[in-house]
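Chemist: got a predicted structure here, sequence first:
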Amino acid sequence: MIFAAGLGTRLGSITEKTTKALLDINGKTVLHRAVEKCALSGFDDIIVNVHHYAEQAEEEIENLRKAGYNIEISDERAGLLENGGGLYKAKWFFDDRPFLLYNADIVSDYDIKALFRYHQKKGCIATLATRHRPGKRFILVDSEGRLRGWRNIETGEEKLRGVASSEGLDEIAFSSMHIVEPEIFNYMKPGKYSMIDLYLELAADKPIYTLKDDKGYWVDVGTPESLERIRTILSQLPSGS
């Protein structure tokens, strides 16, 4: 599932007349790049949620279908549900196989196939891609990469799961790519909530692992500055893509 329903408010006037998922990055929309990334990683049956300028997003999805991609739509025009509620609304789409969750506004060379292989090796309910990078909110993992908590370094708020102290835990950022088992739906309900909140609810009793990759590039195109940064990064690659 590709989450593409966000408002893109941090982009200011850039998203006043369109949705963030349709912004151009060197000749391809943000959504096009997300679909391409997922499909090339082996996840070629895709569902995309829409909300902000949904009609425009649906038009782009139709263009992508014509290009050969297999894409369904989850309509969130009635109200944004965040990625937890959004996934639950779209649960009809999934079968008994593990699946990928991917934020449309992430552009990265992260190896999703490696994330999937690691997930299969660990045999857990979910495996999260992570990266050391600047931020305000981080997940906390132990030496084996198991999710043990969450921290907001700006407010000092901290949540721990299955451990008495955060001492020795690594503070790392979630990269908005995760492999999940369909068993997760047994612990979900309708509403508006994030997957990280759900993972933290489960983490004390159910192993949830992370796979770190600090190499290559990872950009969240949520601001004008980051949008220009990924355009520059991609233009400098040998393929120019």
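Modeler: Looks like it came in fine. Numbers count the residues shown, from 1 in each chain.
Chemist: next one: the residue lying closest to G6 once chain neighbours are set aside from G222, what distance?
Modeler: In space, and not counting its chain neighbours, G6 is closest to K20: 5.8 Å by C-beta to C-beta, 6 or more residues apart in numbering. Glycine gets a C-beta too; all of them are placed from N, C-alpha and C. From K20 across to G222, the span is 7 Å (C-beta to C-beta, to the nearest Å).
Chemist: okay, and the common contacts of the two?
Modeler: 8, 11, 105 (C-beta atoms under 8 Å, 6 or more residues apart in numbering).
Chemist: take those and write them to JSON lines, including pLDDT, neighbour count and secondary structure.
Modeler: Shown next, in JSON lines, are the shared contacts of K20 and G222 (pLDDT from 0 to 100; neighbours: other C-beta atoms under 10 Å; DSSP: H, G, I helix; E, B strand; the rest coil):
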{"residue": "G8", "pLDDT": "82", "neighbour count": "22", "secondary structure": "coil"}
{"residue": "L11", "pLDDT": "88", "neighbour count": "21", "secondary structure": "helix"}
{"residue": "D105", "pLDDT": "94", "neighbour count": "26", "secondary structure": "coil"}
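Chemist: beta partners of V50?
Modeler: D75 (DSSP bridges).
Chemist: how about stretch 106-126, which residues are buried there?
Modeler: For stretch 106-126, burial by neighbour count (16 or more other C-beta atoms under 10 Å) applies to 106-108, 110-112, 115-116, 118-119, 122, 124-126.
Chemist: all helices of this protein, in order?
Modeler: 30-40, 54-66, 82-89, 112-122, 195-202, 224-235 (DSSP state H).
Chemist: tell me which other helices or strands the longest strand that the chain contains touches.
Modeler: Assignment by DSSP state E gives strand 170-180 as the longest strand of the chain. Strand 170-180 is packed against strand 99-103, strand 106-108, helix 112-122, strand 126-131, strand 137-141, with contacts defined by 3 or more C-beta pairs under 8 Å, 6 or more residues apart in numbering; DSSP states H and E.
Chemist: and the second one, what does it pack against?
Modeler: Same thing as strand 106-108. Here strand 106-108 touches helix 30-40, strand 170-180, strand 218-220, going by 3+ C-beta pairs under 8 Å, 6+ apart.
Chemist: so how far is the second one off the chain centroid?
Modeler: On the basis of C-alpha atoms, centre = their mean, to the nearest Å, strand 170-180 is displaced by 8 Å from the centre of the chain it belongs to.
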